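Enquirer: here's my sequence, what's the structure:
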Amino acid sequence: DAGRVSLAFDETTDIADVDALFKVFAAGQTAPTVEQIAPSVQTSFPMERKSAFMTHPVFNAYHSEHEMLRCIKRLEEKDLSLVRSMIALGS
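Expert: Model (predicted):
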């Protein structure tokens, strides 16, 4: 509705990012912090990812759904399946 905004965050977002976003929405007024709004929110993340994420070149090689579908089709064509290799057993 017109009175609400929904946001989604990933593992790279930290509490300071959310506080900065609150400042943007406050439009120059005093903005609340995450700790003021939801004191029960855990600000340390023990499950936070420390390793590299999606670093394989394929994740940056395709910039549209169409290009990705073409890649998947090429992989499919390389696959040897029973549909392509077995002898037809029809009458």
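
Enquirer: list the buried residues for stretch 34-54?
Expert: Val34 (16 or more other Cβ atoms under 10 Å). C-beta: built from backbone N, CA, C; applies to glycine.

Enquirer: cool, stretch 19-31 as well?
Expert: 19, 21.

Enquirer: which residues of the protein score low on pLDDT?
Expert: The model of the chain has pLDDT under 70 over residues 42-47, 83, 87-91.

Enquirer: quick check: what element follows the longest helix along it along the chain?
Expert: Taking DSSP state H as the criterion, the chain has its longest helix at helix 65-78. Using DSSP states H and E, the helix or strand that directly follows helix 65-78 along the chain is helix 82-85.

Enquirer: could I get that next one in PDB with only the CA atoms?
Expert: Coordinates of each C-alpha in helix 82-85 appear next as PDB, following Å, rounded to 0.1, in the frame of the first residue of the first chain:
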ATOM      1  CA  LEU A  82      19.100 -42.100 -24.200                       C
ATOM      2  CA  VAL A  83      16.800 -40.100 -26.400                       C
ATOM      3  CA  ARG A  84      19.600 -39.400 -28.900                       C
ATOM      4  CA  SER A  85      21.600 -42.600 -28.600                       C
END
